[in-house]
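Chemist: sharing a model prediction with you, sequence too.
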Amino acid sequence: MHGKVPLVSHPRSARSPSMIEPIPVEHERIFAFRLRGEVTREEMQPFLAELEELLREHGRIALLLELRDLKRVDPDAILEDTRFVLHHPQGLARIAIVGEAGWQHWTTLLLRPFISAPLRYFPQEALQQAWDWLEGAFVPRAGGIPEAQPYRHLLVAMDFSVNARLALERALHLAGHWQARVSLVNVVDLPLFVYDAPEDPLLPPPPPELEEEMTAQAEKRLAELRRQHADRIDQVQVLNGPTAERLLDWARDHEVDLILTGAHRHGRLDALLGSVSRTLVREAQCDVLAVRSDRPGYRKLLAPVDFGETSLLAVGRAADLARRCDADLTLLHVIDYFPEDVPMEWIVPEDMDPERYLTERAREALQRLSVPVETARLEREVVHAEYPAGQEIVRYADRTHSDLVVLPRRARKGLFHRIGHTTSTVLNRARCDVLVCIREATELP
């Protein structure tokens, strides 16, 4: 069951405003709720009844409770909630509290000894980390990392720039590993005023034949590229309209499973030019490869791991690429520098050095991951963050001369409306290619 949280109908939904509201998410066994205002025992009881129904339906679930403008929780409501958790020691896999005030953090810490399920507090800015931690409750322990499905149809977003030509060369090289088809699509996207202000005398529309001329020129250039590469290009097509929108529609209609786009260099102008690539990453229903390097092949691959399900899907893809390209693969885990982000089960004993203890736990977790395919060389690395995780990944990739970083997108409707911050940072700052895996965690077996 995907999409919205499958809540049961309950009389409390007739009251307005409700202090406990469901948040739609896309995961079969993770459910999210937002608590506002003052939560009373009367509000808590029907909410717990809904959780009871979810437990009967799914067996084992995880909860994300987002506290927004929460003024007070009645002590009787807290007591009811604690009793519920104690009565379901096996049903609640993990509970994440995402708050915005110090008293909420301290309340969570005080409740820990009385809550049988793993319980963690996250500040609002760490919402993504809360989700990733909850996902980790459902990571398959046997087998560990799922095998990646082969790519069958590669689409190159061709604007005839140097970056797009690099993407074409990369597509032709990679297609041979899967015997995949390669298609080229160019979009003739006239200036914005052509669509938005055709009647404005100050911004008169261009001659009607302009779009036809641009389309004809693009068709000629695509035909030349197809001729140069003989039978290696399956389809070429020129479309008209907003670039990202047309590419996304074409990819969906033609069952594309990997879009390749040229990644522009840094700078304010290039940030504007790269907006199409960012939209593709954000909205595509398939994987997206941002090509920045002109290196002929992949020899060193980097796959950051946070032990969430989407992360393991990306590792599966990286492992498959490493095998096909005869490349080295490094699994990298970054230990965040925020103390509250340490998982409950990794709490450091008082008599041990925190850095050493957390490093050992992370290395043990990496060793337990069962990579589904053999690679030329597999390494597992743990680093302690001096900067946000995305920056640490970029620094590590630069230091090790990695050719490709493989990451999950981290998008979640209802909770996360944009590319995850870590993935976005790597896309913007990495000097090498970046593969963003789009497939959702719910596709895990």
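Modeler: All right, it came through fine. Residues are numbered from 1 along each chain as shown.

Chemist: going forward, measure contacts between C-alpha atoms and count neighbours the same way
Modeler: Will do.

Chemist: what strand or helix carries Glu379?
Modeler: strand 377-384 (DSSP states H and E).

Chemist: average pLDDT for that strand?
Modeler: The average pLDDT for strand 377-384 rounds to 87.

Chemist: starting from that strand, tell me which strands it pairs with and how they run.
Modeler: Pairing partners of strand 377-384, with direction, according to DSSP bridges: strand 328-335 (parallel).

Chemist: need the next SSE after the strand it pairs with, C-terminal direction.
Modeler: Note on strand 328-335: by DSSP H and E, the next helix or strand toward the C-terminus is helix 354-368.

Chemist: check which residues of that next one are buried.
Modeler: For helix 354-368, burial by neighbour count (16 or more other C-alpha atoms under 10 Å) applies to 358-359, 362, 366.

Chemist: which one of the residues you listed is nearest Gln149?
Modeler: Set against Gln149, the nearest of these by C-alpha to C-alpha is Leu366 (22.6 Å).

Chemist: isn't the closest one up against Glu360?
Modeler: No: the criterion here is C-alpha atoms under 8 Å, and Leu366 misses it with Glu360 at 9.9 Å.

Chemist: which strand runs longest in this protein?
Modeler: strand 61-73 (DSSP state E).

Chemist: report all helices and strands that the longest helix seen in the chain contacts.
Modeler: What stands out as the longest helix in the chain, according to DSSP state H, is helix 209-228. On a contact count with 3 or more C-alpha pairs under 8 Å, 6 or more residues apart in numbering; DSSP states H and E, helix 209-228 meets strand 181-188, strand 235-240.

Chemist: got TSV for these, with distance to Asn163 too?
Modeler: Converted to TSV, those look like this (distance: least, C-alpha to C-alpha, whole Å):
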stretch	distance to Asn163
strand 181-188	14
strand 235-240	18
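
Chemist: single out the most deeply packed of those strands.
Modeler: strand 181-188 (a mean of 22; mean count of other C-alpha atoms under 10 Å).

Chemist: for that strand, what does the pLDDT average out to?
Modeler: The pLDDT scores in strand 181-188 average 94.

Chemist: strand 235-240 and that one, what's the angle between them?
Modeler: Angle, strand 181-188 to strand 235-240, by axes from the mean of the first three to the mean of the last three C-alpha atoms, to 10 degrees: 20 degrees.

Chemist: same for strand 181-188, what does it pack against?
Modeler: Applying 3+ C-alpha pairs under 8 Å, 6+ apart, one finds that strand 181-188 contacts strand 153-157, helix 162-178, helix 209-228, strand 235-240, helix 243-253.

Chemist: let's go with 6 Å and repeat that
Modeler: If you count contacts as 3 or more C-alpha pairs under 6 Å, 6 or more residues apart in numbering; DSSP states H and E, strand 181-188 packs onto strand 153-157, strand 235-240.

Chemist: what are the contacting residues of the last one?
Modeler: So the one you mean is strand 235-240. Residues from elsewhere that reach strand 235-240 (C-alpha atoms under 6 Å, 6 or more residues apart in numbering): 183-189.

Chemist: how is this structure partitioned into domains?
Modeler: Split into domains by automatic domain parsing, the chain comes to 11-138, 153-291, 300-443.

Chemist: please name the residues that touch Arg299.
Modeler: Neighbouring residues of Arg299 by C-alpha under 6 Å, 6+ apart: Ala327.

Chemist: give me phi/psi at it?
Modeler: With angles defined as degrees, to the nearest 10, Arg299 sits at phi -120, psi -30.

Chemist: ok, now the one 5 residues further on?
Modeler: Backbone torsions of Pro304, given as degrees, to the nearest 10, read phi -60, psi 140.

Chemist: out of the domains of the chain, which one sits most buried?
Modeler: Burial of the domains of the chain is given as mean neighbour count (mean count of other C-alpha under 10 Å); domain 300-443 ranks first at a mean of 19.

Chemist: which one of the helices and strands packed on strand 181-188 has the lowest average pLDDT?
Modeler: Least confident of these, judged by mean pLDDT, is strand 235-240 with a mean of 92.

Chemist: hmm, back to that, parallel or antiparallel, which strands does the longest strand of the chain pair with?
Modeler: Using DSSP bridges, the strands paired with strand 61-73 are strand 30-39 (parallel), strand 92-99 (parallel).

Chemist: wait, which of those is closest to Ala290?
Modeler: Proximity to Ala290 (C-alpha to C-alpha) singles out strand 30-39 among those, at 30.7 Å.

Chemist: now that closest one: how far from the chain's centre is it?
Modeler: Distance, stretch centre to chain centre, for strand 30-39: 24 Å (C-alpha atoms, centre = their mean, to the nearest Å).

Chemist: identify the residues contacting that strand?
Modeler: 19-23, 61-73.

Chemist: if you set the cut-off to 8 Å instead, what comes out?
Modeler: 5, 19-25, 61-74, 77, 134-135 (C-alpha atoms under 8 Å, 6 or more residues apart in numbering).

Chemist: avg pLDDT for it?
Modeler: The model assigns strand 30-39 a mean pLDDT of 90.

Chemist: and stretch 63-82, by the same measure?
Modeler: Averaging pLDDT along stretch 63-82 gives 86.

Chemist: and the end-to-end length of that stretch?
Modeler: Start-to-end span of stretch 63-82 (C-alpha to C-alpha, to the nearest Å) is 14 Å.

Chemist: return, as residue ranges, the portions of the stretch 51-200 of the chain with sub-threshold pLDDT.
Modeler: For the stretch 51-200 of the chain, applying pLDDT under 70 flags the ranges 89-90, 116, 139-144, 191-200.

Chemist: do you know how far Asn186 is from Ala157?
Modeler: To Ala157, Asn186 is 6 Å away according to C-alpha to C-alpha.

Chemist: wouldn't Asp306 be in contact with Ala130 here?
Modeler: No: using C-alpha under 8 Å, Asp306 is not in contact with Ala130; the gap is 11.6 Å.

Chemist: Tyr277 is in contact with Leu248, isn't it?
Modeler: One correction, residue 277 is Ser, not Tyr. No: with contact defined as C-alpha under 8 Å, Ser277 does not count as touching Leu248 (11.0 Å).

Chemist: out of the contacts of strand 235-240, which is nearest to Ala284?
Modeler: Lowest distance from Ala284 to those (C-alpha to C-alpha) belongs to Val185, with 15.2 Å.

Chemist: relative to Leu225, how far out is that closest one?
Modeler: For Val185, the distance to Leu225 - C-alpha to C-alpha - is 12 Å.
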